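Undergrad: From the sequence below, what's the structure:
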Amino acid sequence: MTEHSKKAPESNAPPGGADAPHAELDDMVASTDSGARKPKGMPGKLLVSIAAVWSLFQLWIASPLPFIFGVGVFNATEARSIHLAFALFLAYMAYPALKRSPRDHIPVQDWILAGLAAFCGAYMFLFYESLAQRPGAPLLQDVVVGVMGILLLLEATRRALGPPLMIVATVFLVYSLAGPWMPGILAHGGVSPFGLINHQWLTTQGVFGIALGVSTSFVFLFVLFGALLDKAGAGNYFIKVAFSLLGHYKGGPAKAAVVASGMTGLISGSSIANTVTTGTFTIPMMKRVGFPAEKAGAVEVASSVNGQIMPPVMGAAAFLMVEYVGISYVEVIKHAFLPALISYIALIYIVHLEALKAGMEGLKSTNPPKPLVRKVIGFLGGLLLMMATALGVYYGLGWLKPVLGASAPWVIAAGLVVVYLALLKVAASYPELELDDPDEPIFELPQTRPTVMVGLQYILPVIVLIWCLMVERLSPGLSAFWATVFMVFIMLSQRPILAVLRGKSDLRADLREGALDLWSGLVTGARNMIGIGIATATAGIIVGAVSQTGVGLVLAEVVETIAMGNLLLILFFTAVLSLILGMGLPTTANYIVVSALLAPVIIQLGQQNGLLVPLIAVHLFVFYFGIMADVTPPVGLASFAAAAISGGDPIRTGFQAFYYSLRTAALPFLFIFNTDLLLIDVSPLQGVLIFIVATVAMLIFAAATQGYMLTRSRWYESALLLLVAFTLFRPGFWMDQLHDPYRDIPPTQFVEALGDVDADTTLRLQISGLDAYGEPMTTYMTLPVPDGDSGQERLDNLGIELLVDDGKAVVDMVTYGSQAAEMGFDFDQEIIQVQAPVDRWTKEWMWLPALGVFGLVVALQRRRRRREKAPVAAA
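TA: Prediction:
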């Protein structure tokens, strides 16, 4: 995979990926992500120019420059309007209307539709002041533009994303208008056509709502950053590093595919593009070491789709969660990181088990052999050096910034450039990485050290991004802006500097190549954003209909009736609905729709059933099952892309990928019931312990589902392993069976209970009252004990007055703006149950018997493996 890689004669090429029609694959990715149309001549130049202008516009509004120069300052609504205008215009230019429509030129009708769509999208910007002067009172002109805009948006959605999202949005529009004629509990007062258009197109409650705002402010910049990083060569670098590190192990190409897809997922928001980018190289090599076509494709699909659950981008969902959940971006990343990492580790282990079952070997490595001790010492040494460097930089900058004052940013930037130049000096001493020809199989892996050292500069922009997000606590948009600026600097400078250091400089040609890479990255970033911009706008129609009609409350009643109040069934139905919607919706739109419809349902019904689930856990739950739809037959597009490379059957590839992804499907159910996995309210030391135990549990779960650990498992061994994995993941379940975690206190003694418990205690209350429809309802809530020296003082600080009479405790008054009001206490609610935590053994004690059972299974399998090997040795 480098200059010194050895290649076999072409006649020895294995069947599979090399034979896949690359044009068809490129068309599949383009039609899904960036538009299949590639017009020639002036229309083609106009298309890429407008795409590049869109990228430059997004960089401009994210930067501090408009405020410095006082030019080009747009408020949030104006920016969203311009953003949608670009997306709509490019959608009609880049996406053909039908499969038989021309790809090499743009028909006249599409020019007309693109212009009209762009005007309707920009209407909020063009007429912002006049619209602000007559809120809620649209003119006939406003309504006409709104109707045209919604129709053109729906058609753009059909072209860019397929019919499903368009159909779902249309159903919600019809539901908004036809409320009085709906049957039973689905009926509502209805919305007038003028009211519908005003709400959906002329306010920030519908199309121009939060989802489009997140696309405008954050998502575009991260997609652009990923596109620039890939064009600079980072995508190729990640793939080659993964192969040089892991390719020689048992089933090595599959392990390398998992790691490469994980690293590519850091910069890619598309599971299909990730599958094709890495799969073109990984799938043929997996087949070479013995993986069947379907399994090779399935490994790539499972690892590529999981790229979307990997922070920091998470297929754009991370930024939407910031807005919907109401927590910081850093908190979202913290909660999402552990399950994603565990899932990837488990997939590597699944690949290892497949290699063991089939007796596979890795590819030949050119690395000089090293004893295991030296490998471990080298790894630990590198890890300690990275940690020491990170600590030195963190505390060094913490000391320097107050000393340097206003000049600190310039000094830090200069230091960053010095580090960059030093890394280029290191890279120049090794052969340049080349793009491999996927039609020629690789029989020998490159050496690790030269491969790693030649591209270390690509990690710097990622460090800048993480530093701005995690340490400087800048907004995601501004963090991505500074990382992108540094990325642009690298793209323009790395070629000429490396050429000078290697002694073969051609300054003009090198600068031109860098500029072309930058231009290509700007265009690719914008084209990759067309579908996301359209999806977030169309999903806004659904969110707007939910807020305008109150269908969310109706849906909660419907789901509760179907699930008969059982929380596990509710979660199961939510997972199934996420999968069904995700089969036709892109990840971002699917997350918006399902979180808007079902996240509140799970929260509400969970409270009524005594399970108080954090909002972030519910949003991650629906997000995980939304991305699973890219795997699941019959519509899993990533599975079709992988099958086109492997030559396998796409449906069988999809089912195999789903089987490999069972660990991803299990995680959401686990962290709903055990929020420790999301690092909620745990200390750093607890977090490390939870990571270790949860990783072991997931590996045991993988071994149970694969039917193989040290040797092929008996059915009862697989059952025991599943039991062990469940206990390690959720030890509280068994501890609750042994000892109730709460003691009941009579509601009439609520005040006394407040005075008796410790200040850092949390009580559980069951409340009965009336819901928003005036119907009786019962719910649970947690109550952090307020400050105060007595029970009555704590009750006063809580902000409620209780009326205790006839054995009942009824809320008589709630202070406006108090803690009680924020929690949802209301007049005339009755406290029907008070529970205080009790002292008991910590739930982690249940890990000990689980590990004992695991040791038993290991002993059984070791003994059986020795017996199986004995006849072979004798022979």
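Undergrad: pLDDT-wise, which helix or strand of this structure ranks last?
TA: helix 22-29 (a mean of 58; mean pLDDT, DSSP states H and E).
Undergrad: starting at the chain centroid, how far to the following helix or strand past that one?
TA: Using DSSP states H and E, the helix or strand that follows helix 22-29 in sequence is helix 41-62. Relative to its parent chain, helix 41-62 has a centroid offset of 27 Å by Cα atoms, centre = their mean, to the nearest Å.
Undergrad: On the C-terminal side of helix 41-62, identify the next helix or strand.
TA: Following helix 41-62 toward the C-terminus (DSSP H and E): helix 65-69.
Undergrad: for the record, mean pLDDT for the helix or strand just after that next one?
TA: Using DSSP H and E, the helix or strand that follows helix 65-69 in sequence is helix 76-94. Across helix 76-94, the average pLDDT comes to 94.
Undergrad: per-residue confidence averaged over the host helix or strand of D736?
TA: D736 belongs to helix 731-738 when assigned by DSSP H and E. For helix 731-738, mean pLDDT is 85.
Undergrad: Extract the C-alpha set from it and format it as PDB.
TA: Provided in PDB are the C-alpha atoms of helix 731-738 (Å, rounded to 0.1, in the frame of the first residue of the first chain):
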ATOM      1  CA  PRO A 731     -26.200  -5.600  38.100                       C
ATOM      2  CA  GLY A 732     -28.900  -3.500  39.700                       C
ATOM      3  CA  PHE A 733     -31.600  -5.800  38.300                       C
ATOM      4  CA  TRP A 734     -30.500  -8.700  40.500                       C
ATOM      5  CA  MET A 735     -29.700  -6.500  43.500                       C
ATOM      6  CA  ASP A 736     -33.200  -5.100  43.300                       C
ATOM      7  CA  GLN A 737     -34.600  -8.700  43.500                       C
ATOM      8  CA  LEU A 738     -32.600  -9.300  46.700                       C
END
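Undergrad: give me the low-pLDDT residue ranges for the stretch 451-600 of the chain?
TA: For the stretch 451-600 of the chain, the stretches with pLDDT under 70 are 552-553, 556, 565, 582-586.
Undergrad: Domain-wise, how is the chain divided?
TA: 10-20+213-505, 35-203, 552-629, 674-737+841-875, 742-839 (automatic domain parsing).
Undergrad: Mean neighbour count for those domains - can I get that in CSV?
TA: C-beta coordinates here come from the backbone N, C-alpha and C atoms, glycine included. Listed next are the domains of the chain as CSV, based on neighbours: other Cβ atoms under 10 Å:
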stretch, mean neighbour count
domain 10-20+213-505, 20
domain 35-203, 18
domain 552-629, 21
domain 674-737+841-875, 16
domain 742-839, 15
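Undergrad: among these, which is nearest R527?
TA: domain 35-203 (5.4 Å; Cβ to Cβ).
Undergrad: Touching the one helix or strand L131 maps to from outside, list them.
TA: Using DSSP H and E, L131 sits in helix 128-133. Helix 128-133 is contacted by residues 77-78, 81, 124, 142, 202 when judged by Cβ atoms under 8 Å, 6 or more residues apart in numbering.
Undergrad: ok, now stretch 44-58?
TA: Outside stretch 44-58, the residues that reach it (Cβ under 8 Å, 6+ apart) are 37-39, 82-83, 86, 89-90, 93-94, 106, 216, 220-221, 224, 519, 522-523, 525-527, 529.
Undergrad: now with 6 Å?
TA: Residues outside stretch 44-58 that contact it (Cβ atoms under 6 Å, 6 or more residues apart in numbering): 86, 93, 220, 224, 522-523, 525-527.
Undergrad: sorry, back to before: may I have the strands that pair with whatever helix or strand comes next after the helix holding D736, each with its orientation?
TA: Counting by DSSP H and E, the next helix or strand C-terminal to helix 731-738 is strand 742-745. The strands beside strand 742-745 in its sheet (DSSP bridges) come out as strand 830-837 (antiparallel).
Undergrad: Run the chain-centre distance for the following helix or strand past the strand it pairs with.
TA: For strand 830-837, the following helix or strand on the C-terminal side (DSSP H and E) is helix 847-874. Computed by Cα atoms, centre = their mean, the separation of helix 847-874 from the middle of its chain amounts to 39 Å.
Undergrad: elements contacting helix 847-874?
TA: helix 715-729 (3 or more Cβ pairs under 6 Å, 6 or more residues apart in numbering; DSSP states H and E).
Undergrad: The helix it packs on - contacts with which helices or strands?
TA: Counting by 3+ Cβ pairs under 6 Å, 6+ apart, helix 715-729 packs on helix 684-706, helix 847-874.
Undergrad: can the ones you listed go into JSON lines with extra columns for distance to I185 and mean pLDDT?
TA: Converted to JSON lines, the helices and strands packed on helix 715-729 look like this (distance: least, Cβ to Cβ, whole Å; pLDDT from 0 to 100):
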{"stretch": "helix 684-706", "distance to I185": "40", "mean pLDDT": "90"}
{"stretch": "helix 847-874", "distance to I185": "45", "mean pLDDT": "85"}
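Undergrad: Tell me which of those sits nearest to V418.
TA: helix 684-706 (32.4 Å).
Undergrad: relative orientation of that closest one and helix 731-738 in degrees?
TA: Calculated by axes from the mean of the first three to the mean of the last three Cα atoms, to 10 degrees, helix 684-706 forms an angle of 90 degrees with helix 731-738.
Undergrad: so how far is helix 684-706 off the chain centroid?
TA: 21 Å.
Undergrad: orientation of it relative to helix 715-729 in degrees?
TA: Angle, helix 684-706 to helix 715-729, by the same axes, to 10 degrees: 160 degrees.
Undergrad: Tell me which stretches of the protein form strands.
TA: Applying DSSP state E to the chain gives strands spanning 364-365, 444-445, 742-745, 762-770, 776-784, 800-805, 808-814, 830-837.
Undergrad: Show me the one of those that comes nearest N566.
TA: strand 776-784 (15.6 Å).
Undergrad: ok now do Q457, which residues does it touch?
TA: Q457 neighbours (Cβ under 6 Å, 6+ apart): 420, 423-424.
Undergrad: roughly how far apart are the residue lying closest to F640 once chain neighbours are set aside and A641?
TA: Nearest residue to F640 in three dimensions, chain neighbours excluded: P650, at 4.6 Å (Cβ to Cβ, 6 or more residues apart in numbering). P650 is 9 Å from A641, where distance means Cβ to Cβ, to the nearest Å.
Undergrad: Pick out whichever of these two has more residues nearby.
TA: In this view P650 and A641 are compared by other Cβ atoms under 10 Å, and A641 has more residues nearby, 31 against 20.
Undergrad: Leaving out chain neighbours, which residue sits closest to the more buried one?
TA: T275 (4.7 Å).
Undergrad: centre of the chain versus stretch 158-170, how much separation?
TA: 22 Å.
Undergrad: coming back round to it: please identify which of the helices and strands packed on helix 715-729 is closest to I68.
TA: helix 684-706 (39.5 Å).
Undergrad: can you tell me which of the contacts of Q457 lies nearest to I342?
TA: L423 (31.4 Å).
Undergrad: now that closest one: how far from A234?
TA: 13 Å.
Undergrad: Would you convert the domains of the chain into CSV that also reports distance to A545?
TA: Output for those, formatted as CSV (distance: least, Cβ to Cβ, whole Å):
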stretch, distance to A545
domain 10-20+213-505, 17
domain 35-203, 4
domain 552-629, 9
domain 674-737+841-875, 31
domain 742-839, 18
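Undergrad: Can you tell me which of those domains is nearest to L511?
TA: Set against L511 and scored by Cβ to Cβ, these come closest in domain 10-20+213-505, at 5.9 Å.
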